[in-house]
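Peer 1: Take a look and give me a structure for this.
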Amino acid sequence: MKKILQHKHFAIIALLIIILMIGLSTLANFGESWDELQFFKYADRALASYSTWLTSAQIIITGNTYDNYGPAFVMATALIARGLHAIDPNWLVSDIRHFVYFLTFIAGIYAFYALARRWMSAWAAFAATLLFTAQPVLWGHAFISPKDIPFLSAFLISLELGLRMADSQPKINGRPPRALLWLTGFWILTLLFLFLTPQFLDNGLTALIRNASSQPQSFLGALMRNFSSSFGRTKPNIYIQEALVLLIWLKLIYLIISALAIGLLYRKQFSEVFKLFGWNILLAGIALGLTTSIRILGPLVGLLVAIYAWQKTDKKSLPMLFVYACLALAVMLATWPYLWPNPIARLIESWHVMSQYPWPGQVLFNGQYYRSFNLPRSYLPVLLAIQITEPIWPLFLLSFALLWKNKYLLIATLLWFVLPLAALIISRSPLYDNFRQVIFVLPPVFFVCGLGVDWLFRHLRQPIVRGLIVAALVLPGIVAGIQLHPYEYIYYNSFIGGVRGAEGRFELDYWATSYRAAMNYVNSIAPANEKIFVAGPSYIAAIYSRHDLRIYMDIDMNTQAFDYAIITTRYRADQTDFSNSPVVYTIEREGVPLTVIKKTGH
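Peer 2: Residues are numbered from 1 along each chain as shown. This next block holds a predicted model:
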């Protein structure tokens, strides 16, 4: 037992187990969030596109900018949820998805700790990890966000794997024959042409078939009639589609056969190259590709890894980084069907959409409603100041000077936290739902705090004193999380007076996750076959509704007589919808209503 307690990984493993147990015991308290339905419709369509692409050369478009998010995580989550739901049909699909999100968060916590250990002592890294994990905003989103927390975790995991790759960079002895290098270069160019610019071949093939159809006596027209006697008498679209499907299969066959051939040539002439395909490099490349296929900002990880590798071995790292980048590109393309018809153009489109996201709603900030593209520059600084627990920013500022002793962490903090934040503030990029879209920039803040804790621990060696310091730093987040559960993500610190001080001034339950508790209450009081009006995301209530109850949405408001109404307090809907009906129950935290249930029937 003593050996187990003294194991160097005991503390972090114990913490992860405790976190997992807490998550499992509270999982069913978290409601579906507003965005989830559309994201998993997108996941289903992206998964279906693997079949439609190979059979009809078509992908299924979701629209409304969802396609511009990479679908890697939501596709994986959808597949896992299907499998687990088949095993246990009584387990709600929504809860299974939330469990997957939370497991991803736990993996991100471990990656955070592993990164922190690079720059500070084990106990300081553990303290920084506790600070990071205990943030109510992060904990709350960890159960309900199919995009922001998964991207944060993927970013951390990808960076840790990338730095491990750089630490174990293989030594390549000798150089490959020049002819083999030229052949490899030509092969890579053919792959780039076939898979990154497919529109040239597709458009050319389409034009050829249309011309042959309009001129059936031409050589190509006659050739096509040998395959189909009706060619030239029917519309050419069916032949175009068949030709494009054939072209897709030919490209895949070429990829497999040519890759095997190139591999055999290297095996005979320069087998040293296979050192560049070790597990560390493969895992890092796959992780970077998947991270980019969650959000277009994923390549920032690659930049941080490249800087670290260059600092270690200078230009000797270039072959490894080249393989790393190629693997990431291949994985990103393989897991993002929307890109396939025209990858370069659609990547540029996705970058533009994500940087200037056209969200049509209004944002409540400091008591006023703004359009998402017209927010004051104080938006992010204010929210970061009031939604992160009180000890963090003073500790960060006091510890910042310690970065000068760690050149790489200083660069990483600038590129990962300072510059993205400054760019968003200066450009006034559209934002909404508080700062959840930029959660991924927060880890450097906690790494810097960890440096400060490490400095304190070097000067204060008494375990009790250290424990009291960590407790003082962590307890504000834990206490607030317990008080707000399961709506931890609406957290505001005491600088603004908590959730009560934020009421009417800042967004609270913007994802309407409290609809689960509201529906559970209606389930307990409503007679059979009652009509229930639900403002906004009515599908959330429908997930948890009794089977006999009938759920209605906003478009039905003036067409039906309802028995009960479930109404969010967002946009003051609780004050405008059924304003003359009495409130019979309120979902609230700290005395602040998040959702109200009104008795609308007689």
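Peer 1: Pretty sure G63 sits in a strand.
Peer 2: No - using DSSP: H, G, I helix; E, B strand; the rest coil, the assignment for G63 is coil, not a strand.
Peer 1: ok, it - contacts?
Peer 2: If you count contacts by Cβ atoms under 8 Å, 6 or more residues apart in numbering, G63 has none. (C-beta placed from N, C-alpha, C; glycine too.)
Peer 1: can you give me the strands in this structure?
Peer 2: Along the chain, counting by DSSP state E, strands occupy 362-365, 368-371, 531-534, 550-552, 564-568, 583-589, 592-599.
Peer 1: neighbouring contacts of the shortest one?
Peer 2: Right, the one you point to is strand 550-552. With Cβ under 8 Å, 6+ apart as the test, strand 550-552 has contacts from 529-534, 538, 541-542, 545, 560, 562.
Peer 1: before we move on, the earlier item: could you identify which of the strands of the chain is most buried?
Peer 2: Using mean count of other Cβ atoms under 10 Å, the stretch among the strands of the chain with the largest mean neighbour count is strand 564-568, at a mean of 27.
Peer 1: Surely V583 is in contact with T595?
Peer 2: No - look at V583 against T595 with Cβ atoms under 8 Å: they stay out of range, at 10.3 Å.
Peer 1: list the residues that contact both of the two?
Peer 2: Shared contacts of V583 and T595, defined by Cβ under 8 Å, 6+ apart, comprise D574.
Peer 1: gap between the two ends of stretch 436-450?
Peer 2: 23 Å (Cα to Cα, to the nearest Å).
Peer 1: model confidence over it, on average?
Peer 2: On average, the pLDDT along stretch 436-450 is 96.
Peer 1: who's in contact with the closest residue to D67 other than its chain neighbours?
Peer 2: Nearest non-adjacent residue to D67, counting by Cβ to Cβ, 6 or more residues apart in numbering: Y338, 4.0 Å away. Applying Cβ under 8 Å, 6+ apart, one finds that Y338 lies in contact with 46, 49, 59, 61, 67-68, 71, 346, 350.
Peer 1: Let me have these in TSV, adding distance to A422 and neighbour count as columns.
Peer 2: Shown next, in TSV, are the contacts of Y338 (distance: Cβ to Cβ, whole Å; neighbours: other Cβ atoms under 10 Å):
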residue	distance to A422	neighbour count
A46	34	25
S49	38	22
I59	37	19
I61	35	13
D67	29	24
N68	24	21
P71	30	26
R346	28	17
S350	23	20
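Peer 1: want to throw these into TSV with distance to L508 and pLDDT?
Peer 2: Below are those laid out as TSV (distance: Cβ to Cβ, whole Å; pLDDT from 0 to 100):
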residue	distance to L508	pLDDT
A46	32	96
S49	37	96
I59	38	94
I61	34	92
D67	30	91
N68	28	91
P71	29	95
R346	36	93
S350	31	91
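Peer 1: Surely W53 and P337 touch.
Peer 2: Yes - counting by Cβ under 8 Å, P337 is a contact partner of W53 at 6.6 Å.
Peer 1: These two: who's more crowded?
Peer 2: P337 (23 against 18; other Cβ atoms under 10 Å).
Peer 1: And the furthest pair within the contacts of strand 550-552?
Peer 2: With Cβ to Cβ as the measure, no two of these lie farther apart than N529 and S538, at 17.4 Å.
Peer 1: okay, those two: which has more neighbours?
Peer 2: Neighbour totals were compared for N529 and S538, and S538 leads with 20 against 10 (other Cβ under 10 Å).
Peer 1: What distance do you get for the nearest residue to the more buried one once chain neighbours are set aside to P537?
Peer 2: Spatially, and ignoring its direct neighbours in sequence, S538 is nearest to M553 (3.9 Å; Cβ to Cβ, 6+ apart). M553 sits 9 Å away from P537, going by Cβ to Cβ, to the nearest Å.
Peer 1: Then T133?
Peer 2: To P537, T133 is 29 Å away according to Cβ to Cβ.
Peer 1: again with Q483
Peer 2: In this view, Q483 and P537 are 25 Å apart by Cβ to Cβ.
Peer 1: For these two, indicate the residue with more neighbours.
Peer 2: Between Q483 and P537, counted using other Cβ under 10 Å, P537 has the larger neighbour count: 23 against 15.
Peer 1: Leaving out the residues flanking it, which one is nearest to the more buried one?
Peer 2: W34 (4.8 Å).
Peer 1: Report the contact partners of that neighbour.
Peer 2: 510-512, 536-537, 540.
Peer 1: which among these gets closest to N520?
Peer 2: Closest approach between the contacts of W34 and N520, by Cβ to Cβ: I540, at 11.8 Å.
Peer 1: Residues contacting stretch 430-440, please?
Peer 2: The contact list for stretch 430-440 (Cβ under 8 Å, 6+ apart) reads 137-138, 141, 145, 148-149, 151-152, 155, 295, 297, 356-359, 361, 363, 372-373, 375, 379-380, 383-384, 387, 420-421, 424, 489, 506-507, 510-511.
Peer 1: got it, and stretch 72-82?
Peer 2: The contact list for stretch 72-82 (Cβ under 8 Å, 6+ apart) reads 39-40, 42-44, 46-47, 93, 96-97, 100-101, 104, 146-147, 150-151, 154, 290, 293-294, 335-336.
Peer 1: isn't F155 right up against L303?
Peer 2: No - counting by Cβ under 8 Å, F155 sits too far from L303 to count as a contact (11.9 Å).
Peer 1: Tell me where the model's unsure across this structure.
Peer 2: The model of the chain has pLDDT under 70 over residues 1-7, 212-234, 602.
Peer 1: Quick one: residues contacting D548.
Peer 2: Counting by Cβ under 8 Å, 6+ apart, D548 touches 528-529.
Peer 1: was I right about G501 contacting Y491?
Peer 2: No - using Cβ under 8 Å, G501 is not in contact with Y491, being 11.8 Å away.
Peer 1: Between these two, point out the one with more neighbours.
Peer 2: Y491 (27 against 17).
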